[in-house]
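Enquirer: compute the structure for the input listed below.
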Amino acid sequence: MEDFVKTFVPLFIVIDAFGNLPFVLSLSEGATRSERHRMINIAVLTAAVLGLAFLFLGKAILDVMGISVGAFAVAGGLILLVLSIRYILTGQIVEVIKEEMVAVVPIGTPLTVGPATITTLLLLATQFPLYMVLMSFALNIAVAWMFFMLSGWFVRVLGQGGIKAVSKVFSLLLAAIAVTMVIDGLDRLGILTIEM
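Expert: The predicted model follows:
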């Protein structure tokens, strides 16, 4: 259960389905209910396929490139820290890409599964059993799908300001997780010794 929490929570924070609700609403403005549902389904499918590709191939890529888990933990932690600080300061983790296929870009990627999610998946796969990370990712994708489908209801209840406030708290938690990753990486590299 502890491993599940440690894999589910970081992914829940970086996927930030709650924080992406305003984007889903604005990008689907003017669409019919069926068109919005189709857009959400395509976006979530895109995110799932991209995440699974990196989850299953990421470790092999690290091995081929000769990158140690410790080095990746430090690099990944620093990237997540920068992304979380960027969100706290600017209100977005990544630049919103101009319209191509709205469901795929930017909702599927980079908003749902982008650099932060990919980095987190790769790092978790080096620390926990693959099935546990896979289960947590699948559940998070299901949660994102549910949040997107209920986007109108969330906005009516919390308002745009409420959604942004909750998302800022998630960003602060992401920054704390990022610092923990860096410390863990330095410990694995033998640069910093942590006594429990």
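Enquirer: what's the neighbour count on A176?
Expert: 12 (other Cβ atoms under 10 Å). To be clear about C-beta, it is placed using only N, CA and C from the backbone, and glycine gets the same treatment.
Enquirer: so it, which state does it fall into?
Expert: helix (DSSP: H, G, I helix; E, B strand; the rest coil).
Enquirer: can you tell me how far it sits from V9?
Expert: According to Cβ to Cβ, to the nearest Å, A176 stands 11 Å off from V9.
Enquirer: kindly report the same for F148.
Expert: Taking Cβ to Cβ, one finds F148 at 20 Å from V9.
Enquirer: and for A103?
Expert: Counting by Cβ to Cβ - A103 and V9 are separated by 27 Å.
Enquirer: so those two - more neighbours on which side?
Expert: The residue with more neighbours, out of A103 and V9, is A103; 21 against 14, by other Cβ under 10 Å.
Enquirer: wait, that one touches R36, no?
Expert: No. In this structure, A103 is not within contact of R36 by Cβ atoms under 8 Å, at 10.0 Å.
Enquirer: just to check, G58 is in contact with L124?
Expert: No. In this structure, G58 is not within contact of L124 by Cβ under 8 Å, at 9.9 Å.
Enquirer: may I have the phi/psi pair for D16?
Expert: phi 50, psi 50 (degrees, to the nearest 10).
Enquirer: my guess is G70 contacts V182. True?
Expert: No. Judged on Cβ under 8 Å, G70 makes no contact with V182 at a distance of 10.3 Å.
Enquirer: quick one: buried residues of stretch 131-144?
Expert: Applying a neighbour-count criterion of 16 or more other Cβ atoms under 10 Å, one finds 132-134, 136-137, 140-141, 143-144 buried in stretch 131-144.
Enquirer: identify all contacting residues around it.
Expert: In this structure, residues lying in contact with stretch 131-144 by Cβ atoms under 8 Å, 6 or more residues apart in numbering are 3-4, 7-8, 11-12, 15, 17, 20, 44, 47-48, 51-52, 55, 112, 121, 124-125.
Enquirer: now with 7 Å?
Expert: Identification of contacts with stretch 131-144 by Cβ atoms under 7 Å, 6 or more residues apart in numbering yields 3-4, 7-8, 11-12, 15, 17, 44, 47-48, 51, 55, 112, 121, 124-125.
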